[in-house]
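Asks: take this sequence and fold it.
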Amino acid sequence: MSDHGYFDRFGGKYVAEVLRRPLDELEAAFAEAMADAKFLAELAAVRDDFIGRPTPLLFAENATREIGGAKIYVKMEGLAHTGAHKINNAIGQVLLAKRMGKTRIVAETGAGQHGLATASACARLGLECVVYMGEVDVRRQQPNVAAMELYGATVVPVTAGSRTLKDAINEAYRDWSASFPTTHYVIGSALGPAPYPDIVREFQSVIGRETRDQAASRGIEIEALCACVGGGSNAIGFFSPFIDRSHPRLIAAEAGGIGPGVGENSVRMGGAASSDGIVHGYKSRFLVDADGQLAETRSISAGLDYPGIGPQLAALGENGRIEFCAVGDAEALDAVRFFARTEGVLFALESAHGGAAAMRLARELPRDTSVIVNMSGRGDKDIFITSPIFRPSEWREFLRDELARLESGVEIHAFGGEK
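Replies: Predicted structure coming up:
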């Protein structure tokens, strides 16, 4: 847990006075809920019956054989309901909000997986849901937008600033500030003002606990754990049970984008534009430009292009417990192809950054060691990004045909086919 909201010098609660009351209320409610056997039993039941936990730990036998180094295992979070780890936190927070008497949920989303998970959790538990999403991300993640709306959520495109995740967060805060008596803000990553980093880590730590127990039951000696890091919810949950140990190694892959220059990547821990800062209510490492403003970020994965990182991850990176590395767009795409071809597993672009880091590490380690990568989500959502790269002519023809069909007035009816 944090020390009064801090992890070393990072963290805190840097918010306007209007948000102090809801944050204090949330902190007290969370502490009470985590000490309540009835709440914990309800959470355990919804994890089993709704999320589909535990997720499998897959030995990537073909990938291991082809690489020729350490054994690679994949924690299959992509098999959780809604296709990613985000549901672990979303269902926990929405359950907590319902316990607090809230009737409305707001959330931000980048790649769309957190918005999708929150919309699904709200549908299941009967709360209104509003999701703020940058206009850029709305365009590149249409399948998730459609699914959120199908779950009954209202998706609000954000047109301010860079029109990506950081701007969606700003809009969600504005909404919550004006509506907190009835509304809870479900932050999707292990960041924001205290107590959010503790809350998100706790709800996501189920990933790490399962991994630890699954490895122990199979006699797997873990040399390293690898995960992608945007804000960091999948990584901190995956690493959580191992943080206070000196082993295994904890490897965090940031988005290297297209190069090392400012605006070409999203590397917060050691990148050219990295600096301490206070943004979105907490102190951490952020990417800033020459004027001290948040810098533009770049990544092929919408979920990794946030300019900051969760405060606990920043602290663990500085003290050396977590080793950070950068994985570029091209290497992440190669990892998508590799695991799809060798294991029949389709990594999300975000998760593929962790997969690429695991591939690098496995090549360097002896055959009798084991590396586990958290496949934090599956790649179905990325079809509009990956298809134009992997099969451009076929994808162009498909879109042209679809557009022609729509413009011709042909309608698809659920039970009657085309009309």
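Asks: least confident secondary structure element in the protein?
Replies: Every helix and strand of the chain was ranked by mean pLDDT, DSSP states H and E. The lowest is strand 417-418, at a mean of 56.
Asks: pull stretch 97-108 out as CSV, backbone CA atoms only.
Replies: Presented in CSV, the C-alpha positions along stretch 97-108 are these (Å, rounded to 0.1, in the frame of the first residue of the first chain):
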residue,chain,number,x,y,z
ALA,A,97,-19.7,2.5,-6.3
LYS,A,98,-23.0,0.6,-6.1
ARG,A,99,-22.2,-0.2,-2.4
MET,A,100,-21.7,3.6,-1.9
GLY,A,101,-25.1,4.4,-3.3
LYS,A,102,-23.9,5.9,-6.6
THR,A,103,-26.2,5.5,-9.6
ARG,A,104,-24.0,6.8,-12.4
ILE,A,105,-20.5,6.0,-13.6
VAL,A,106,-18.1,8.1,-15.7
ALA,A,107,-14.9,6.7,-17.2
GLU,A,108,-12.1,7.6,-19.6
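Asks: in that stretch, which residues are buried?
Replies: Of all the residues in stretch 97-108, those buried under the rule 16 or more other Cβ atoms under 10 Å are 97, 98, 99, 100, 102, 104, 105, 106, 107, 108. C-beta here means a position set from N, CA and C on the backbone, and glycine is covered the same way.
Asks: could you pull out the strands in the stretch 301-419 of the chain for me?
Replies: Here the stretch 301-419 of the chain has its strands, by DSSP state E, counting those that start in this stretch, at 322-328, 370-374, 412-413, 417-418.
Asks: still on that earlier bit, hmm, which two among the buried residues of stretch 97-108 are most spread apart?
Replies: 99 and 108 (22.1 Å; Cβ to Cβ).
Asks: strands along the stretch 101-250 of the chain, start to end?
Replies: Under DSSP E, counting those that start in this stretch, the stretch 101-250 of the chain gives strands at 104-109, 128-134, 154-158, 183-186, 222-228, 249-257.
Asks: deepest of these, which one?
Replies: Among the strands of the stretch 101-250 of the chain, ranked by average contacts under mean count of other Cβ atoms under 10 Å, first place goes to strand 104-109 (a mean of 28).
Asks: low pLDDT regions in the stretch 51-200 of the chain?
Replies: Within the stretch 51-200 of the chain, no stretch falls below the threshold (pLDDT under 70).
Asks: buried residues in the helix of greatest length in the chain?
Replies: Secondary structure of the chain per DSSP state H: the longest helix is helix 196-217. Within helix 196-217, the residues that count as buried by 16+ other Cβ under 10 Å are 196-208, 210-212, 214-215.
Asks: list the beta-bridge partners for residue 7.
Replies: Taking DSSP bridges, one finds residue 10 as the beta-bridge partners of residue 7.
Asks: pull the number of nearby residues for it.
Replies: The number of residues packed near residue 7 is 25, by other Cβ atoms under 10 Å.
Asks: what does residue 246 give?
Replies: By other Cβ under 10 Å, the residues close to residue 246 number 7.
Asks: quick one: pLDDT of it?
Replies: Looking at residue 246, its pLDDT is 95.
Asks: do you know how far it is from residue 382?
Replies: With distances taken as Cβ to Cβ, to the nearest Å, residue 246 is found 36 Å from residue 382.
Asks: now do the helices in the stretch 301-419 of the chain.
Replies: 311-318, 329-343, 349-364, 383-390, 392-407 (DSSP state H, counting those that start in this stretch).
Asks: ok, which of those comes nearest residue 116?
Replies: The nearest among these, by Cβ to Cβ, is helix 349-364 at 13.6 Å.
Asks: and that closest one with helix 383-390, angle?
Replies: Interaxial angle of helix 349-364 relative to helix 383-390 (axes from the mean of the first three to the mean of the last three Cα atoms, to 10 degrees): 50 degrees.
Asks: any idea of the angle helix 349-364 forms with strand 322-328?
Replies: 110 degrees.
Asks: can you give me the buried ones in helix 349-364?
Replies: Buried residues in helix 349-364, counted by 16+ other Cβ under 10 Å: 349-362.
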